[in-house]
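# Next come a sequence and a model predicted from it.
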Amino acid sequence: MKARRKKLKPRRRPAVIRHACRSMPPSLPSAIVLRLKALASRVLLASWAEGFLWMLVALCGLAIVQGALDWIFDLPFRVRLLFLTADLGIFGFLIFRFGVQPWQLRPTPEEAALRIERHWPDLRTGLISAVQLARRPDGSPDLVKALLGKMAARVSRLDLRLMPLWGKLKTPSWIALSLAVVAAGLLVWLTPECSLLLRRILLSSEPFPTQTFVTALSKNFSIPVGQTIEISAGATGVVPRSGRIEVTYEGKRSEMVAVSPKPSSPGVFSLQLSNVQQPLTYRFFLNDGRGEEWKVELIHPPVLQEIAFEITYPPYTGLPPNRLAAGNLNLLAGSKLTVTGKSSQALKSARLVLNGLERSVEMKPAGDNLTGFNTQLEIPGEGLNGLWIELKNERDLLSQDNTIYAVTVIPDKPPEIVFAEGQPDRLKMIPDQNPVLRFEVRDDFKVREVSLCVQPVSSLREGEEPDPKKAKEIPIPVPKPAAGLTFRYEWKNPRESLDWSEGQTYAYWIKAVDNNDVTGPGITYSSPRQWSVVSLQTKREELAEELRKHAEAIKDLSGAQEGVRNELGEILKQGNKQ
């Protein structure tokens, strides 16, 4: 059995091989070679000629259409730029389609031979066979040489000009000729305008010649939201009595607004727009003059997005730092307030404005894109009643409607001194008796020092109050600083400090000092009291007098009780009779 041959799929020739085949076979007669090369050149030339005609059609057609649109609508720069980009794309496509691509796909010797055979059928397949035999000779060399010579003689008598290669040029030729005539006529008829239109197609910014020339005065500018603006333009040449402004708000349809010249400046036309809330564009139309289109952009002031307050109390309070709500602030004098926040925009500067103190604290922008800020403020003892934050963005635009945070400064209260019940304001004592004091000292944080102050009454003038600076101060031991302390203090050996003898009278009071080492210390003096040093007999008479008063009080109380019993008995008797 015969072995079956495996059927192989045909492989595509790579582009490199195709290009390599374009070269003529080395053994092909020169007459055939010259004819094949001439045909390939004529095919390529015909394609280039067709491309040139279509480019001329595109050039004239695009110039006429775009020039007419520009003349009617006065196209802005961005539209003309879009048109010019499209024009370059069209020309690029035509160059590739009729210039580059035909050169890349120019006919190979085999393709040229087939074209010639299709036009002269009497050649049959002789020419293509000659090209292939010259490339890969098979059979007898003499027969191949005879065939090549015979075919060379026949091909040399052919006139390649008879081949229909230029038929495709008929349609583009007529179109190009028609458009060229129209374009030339317009160019001659509207000489200055046409040249201007061509320059504007090439993105010139020259305006159209008009009787009225519009000069922009306000041009492009930026404003904060809600501001009142004035847009204006000047007119030279023929100045009309009135004009129009085309105003277009972002996202809305254009509207025409009538405008008149200023009485003081007849050549200036202006319009005021109040409370502008959206970006807009505007354009002046004065007589036949058309101004350029200008923009009004809105710039938004920075807005406070985040704010945080943290208070750090003085060390003497023993209180930890506390985060405060962003509202009315109750701040202890001497504390430190840390303010941190974030703005909606990058900041150039930020200020913490202090109401009541008539000053401010500069805050340095920080954080991502300079939108954050922070500072620390030491709370004074008085004067501060509010604070607010002023932000300034990179365009020097200040924040609006800033929130004012009310501040109540809480001062550190001085200690409070309370004497125990039964402590008389005036007390008589004998020389051998030691004064005993019972009292309580309270503070909102801690009491640090307690003292007994004593001053002879004899050193005071009539009506003069005791002076702590002239008094004798005796320290009272404080076991441990605390918010509340209770004392029972006996002053031993007063004779060591004073003339503690009969007939002497002393004013005394208690002095208390708290532990405020920031805005204090807070010092409190109790109201003055008196000690009188008397003899033993005088003290006995005083005690006897007090006993007598107590006995009289007891007797009065006993009499009152007897009267109550008698009245109660009468009431009971009357009740039994009934």
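Right, received. Where do you want to start?
# contacts and neighbour counts: CA atoms only from here.
Noted.
# And the strands in the stretch 451-578 of the chain?
Taking DSSP state E, counting those that start in this stretch as the criterion, the stretch 451-578 of the chain carries its strands at 472-476, 482-490, 505-514, 523-525, 529-533.
# okay, those in CSV with mean pLDDT next?
As requested, the strands of the stretch 451-578 of the chain are exported to CSV (pLDDT from 0 to 100):
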stretch, mean pLDDT
strand 472-476, 92
strand 482-490, 91
strand 505-514, 93
strand 523-525, 94
strand 529-533, 90
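# Same list (those) but as CSV, adding distance to residue 290 and mean neighbour count.
Formatted as CSV, the strands of the stretch 451-578 of the chain follow (distance: least, CA to CA, whole Å; neighbours: other CA atoms under 10 Å):
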stretch, distance to residue 290, mean neighbour count
strand 472-476, 96, 16
strand 482-490, 84, 15
strand 505-514, 83, 23
strand 523-525, 83, 18
strand 529-533, 98, 20
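# Could you export those to a markdown table, including columns for distance to residue 181?
Formatted as a markdown table, the strands of the stretch 451-578 of the chain follow (distance: least, CA to CA, whole Å):
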| stretch | distance to residue 181 |
| --- | --- |
| strand 472-476 | 122 |
| strand 482-490 | 109 |
| strand 505-514 | 108 |
| strand 523-525 | 110 |
| strand 529-533 | 126 |
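# nearest to residue 497, of these?
Residue 497 sits nearest to strand 472-476 of all the strands of the stretch 451-578 of the chain, at 7.9 Å, using CA to CA.
# Contacts for that closest one, please.
449, 450, 451, 452, 453, 454, 455, 489, 497 (CA atoms under 8 Å, 6 or more residues apart in numbering).
# Point out where the protein drops to low pLDDT.
Along the chain, the model assigns pLDDT under 70 to residues 1-27, 119, 126, 133, 135-150, 152-154, 156-167, 192, 575-578.
# Mind putting the contacts of strand 472-476 into a markdown table with distance to residue 390?
A markdown table is the format used below for the contacts of strand 472-476 (distance: CA to CA, whole Å):
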| residue | distance to residue 390 |
| --- | --- |
| 449 | 45 |
| 450 | 48 |
| 451 | 50 |
| 452 | 53 |
| 453 | 53 |
| 454 | 56 |
| 455 | 57 |
| 489 | 58 |
| 497 | 62 |
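# Of these, which is the most crowded?
Using other CA atoms under 10 Å as the neighbour criterion, residue 454 leads those with 25 neighbours.
# these two touch, right, that one and residue 500?
No: in this structure residue 454 lies outside contact range of residue 500 using CA atoms under 8 Å: 11.6 Å.
# list the contacts for the most centrally placed residue in the chain?
Closest residue to the average C-alpha location of the chain: residue 345 at 2.3 Å, with CA atoms, centre = their mean. For residue 345, the contact set (CA under 8 Å, 6+ apart) comprises 302, 303, 371, 393.
# if I look at it, how far off is residue 397?
11 Å (CA to CA, to the nearest Å).
# quick one: the strands in the stretch 101-250 of the chain?
212-216, 221-224, 229-237, 243-249.
# quick one on the thing from earlier: looking at the strands of the stretch 451-578 of the chain, which is nearest to residue 321?
With CA to CA as the yardstick, what comes closest out of the strands of the stretch 451-578 of the chain is strand 482-490 (20.0 Å).
# Just the C-alpha atoms of the closest one, please, in PDB.
Provided in PDB are the C-alpha atoms of strand 482-490 (Å, rounded to 0.1, in the frame of the first residue of the first chain):
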ATOM      1  CA  ALA A 482      -6.300  68.500 100.400                       C
ATOM      2  CA  ALA A 483      -9.500  70.100  99.100                       C
ATOM      3  CA  GLY A 484     -11.000  70.100 102.600                       C
ATOM      4  CA  LEU A 485      -9.200  70.300 106.000                       C
ATOM      5  CA  THR A 486     -10.700  70.400 109.600                       C
ATOM      6  CA  PHE A 487      -8.600  71.900 112.300                       C
ATOM      7  CA  ARG A 488      -8.600  72.000 116.100                       C
ATOM      8  CA  TYR A 489      -5.600  74.100 116.800                       C
ATOM      9  CA  GLU A 490      -4.300  75.100 120.300                       C
END
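# and the angle for it with strand 505-514?
Taking axes from the mean of the first three to the mean of the last three CA atoms, to 10 degrees, one finds strand 482-490 and strand 505-514 inclined to each other by 160 degrees.
# Count residues in the vicinity of the closest residue to residue 260 other than its chain neighbours, would you?
Distances taken as CA to CA, 6 or more residues apart in numbering put residue 242 closest to residue 260, at 4.7 Å, once the chain neighbours are dropped. Per other CA under 10 Å, the neighbour tally for residue 242 reads 13.
# and what of the one 3 residues further on?
Counted with other CA under 10 Å, the neighbours of residue 245 add up to 24.
# need the contact list for the closest residue in space to it that isn't next to it in sequence.
In this structure, residue 245 finds its nearest non-sequential neighbour in residue 284, 4.6 Å apart by CA to CA, 6+ apart. Residues in contact with residue 284, defined by CA under 8 Å, 6+ apart, are 214, 233, 243, 244, 245, 246, 290, 291, 292, 293.
# Alright, calling it a day.
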